[in-house]
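Chemist: Need coordinates for the below:
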Amino acid sequence: MPAKTKISSAYDVHPGVAMVHNVITSLKEKTGRSLDEWIKLVKKDAPVDEKKRREWLKNKYELGTNYAWWITECSLGKGEDGDPDLYLRRADDYVERMYSKSKAGLRPVYDALLKLGRSMGGDVKVCPCQTMVPFYRNHVFAQIKPATKTRIDLGLALKDTKTPARLIDTGGFAKKDRITHRIEIASVDEIDDEVKRWVKKAYEMDEAVRKSPSAAKMAG
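Modeler: Now for the predicted structure:
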């Protein structure tokens with residue numbers, strides 16, 4: 001179930017935040033304690049050292065590694081709290097910071113690319129991070145990143161697709177990264193039909209991944 005939000009935003013809740021939200025809502029059922037109860041217990045009885053605290057949770061309460069890491073981080077004030085509204089407020093701030101001061105002139109380019117990504121379909125999710133804005137369908141299929149004061153890099157997930165020279169190979173395919181190519185864009189005029197075709201290609205390839213037999217097997 002998606003994390004519910006109370007505020008209006010131009011963006012969507014990041015999948016990682018939604019995942020944490022779902023973990024929190026089911027934590028007591030699966031472990032016998034709510035997040036607040038775990039944090040209270042850890043602060044009262046667990047070792048102060050972060051590594052020892054994780055091991056204490058795993059050994060004394062037989063928690064899995066992911067739960068032990070996450071509860072420990074939350075107990076130290078470092079963990080994601082799964083609040084979708086807080087994420088969306090931060091998302092707006094991330095974008096404002098990315099396109100402020102010396103990079104403010106790139107904002108029209110960003111806005112045009114944002115509109116282009118959204119236009120691919122109603123299932124597109126836009127989830128800003130501190131240094132870039134990824135587009136999700138089932139996975140990240142594109143991202144917008146201010147590379148310099150005068151240029152945005154539009155990253156695309158195209159695997160080993162043969163592309164013209166304008167699409168620069170990032171080396172991502174060899175490294176098993178999602179983003180494999182980038183297009184350098186310095187003005188709104190450079191968002192032409194070729195750019196639009198490649199964004200659509202990346203969007204469509206992500207759907208093909210979801211429907212592939214191997215993807216279906218993993219999902220099952």
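
Chemist: Could you point out the longest helix of the protein?
Modeler: Using DSSP state H, we find that the single longest helix of the chain is helix 193-211.

Chemist: Where do the helices of the chain begin and end?
Modeler: With helices called from DSSP H, the chain shows them at 15-31, 35-45, 50-61, 65-75, 84-98, 107-118, 172-175, 193-211, 213-219.

Chemist: who wins for proximity to Arg182 among the ones you listed?
Modeler: Closest to Arg182 of these, according to Cβ to Cβ: helix 172-175, at 9.0 Å. For glycine as for every other residue, the C-beta is placed from the backbone atoms N, C-alpha and C.

Chemist: For that closest one, C-alpha coordinates in CSV please.
Modeler: Written as CSV, here are the backbone C-alpha positions of helix 172-175 (Å, rounded to 0.1, in the frame of the first residue of the first chain):
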residue,chain,number,x,y,z
GLY,A,172,26.8,2.3,-16.6
PHE,A,173,25.9,-0.9,-18.4
ALA,A,174,29.3,-2.4,-17.7
LYS,A,175,29.0,-1.4,-14.0
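
Chemist: from the middle of its chain, how far away would it be?
Modeler: Here helix 172-175 shows a centroid-to-chain-centroid distance of 19 Å under the convention Cα atoms, centre = their mean, to the nearest Å.

Chemist: which residues does Glu55 contact?
Modeler: Counting by Cβ atoms under 8 Å, 6 or more residues apart in numbering, Glu55 makes contact with Ala68.

Chemist: re the thing from before, how about the longest helix of the chain: buried residues?
Modeler: 195, 198-199, 202-203, 205-206, 209 (16 or more other Cβ atoms under 10 Å).

Chemist: quick one: which of the helices of the chain is nearest Asp153?
Modeler: Of all the helices of the chain, helix 107-118 comes closest under Cβ to Cβ, at 10.4 Å.

Chemist: how big is the angle separating that closest one from helix 193-211?
Modeler: 40 degrees (axes from the mean of the first three to the mean of the last three Cα atoms, to 10 degrees).

Chemist: Sort out which residues of helix 107-118 are buried, please.
Modeler: Within helix 107-118, the residues scored as buried using 16+ other Cβ under 10 Å are 109-110, 112-114, 116-117.

Chemist: So which other helices or strands are in contact with that helix?
Modeler: strand 125-126, strand 133-136, strand 140-146, strand 152-156, helix 193-211 (3 or more Cβ pairs under 8 Å, 6 or more residues apart in numbering; DSSP states H and E).
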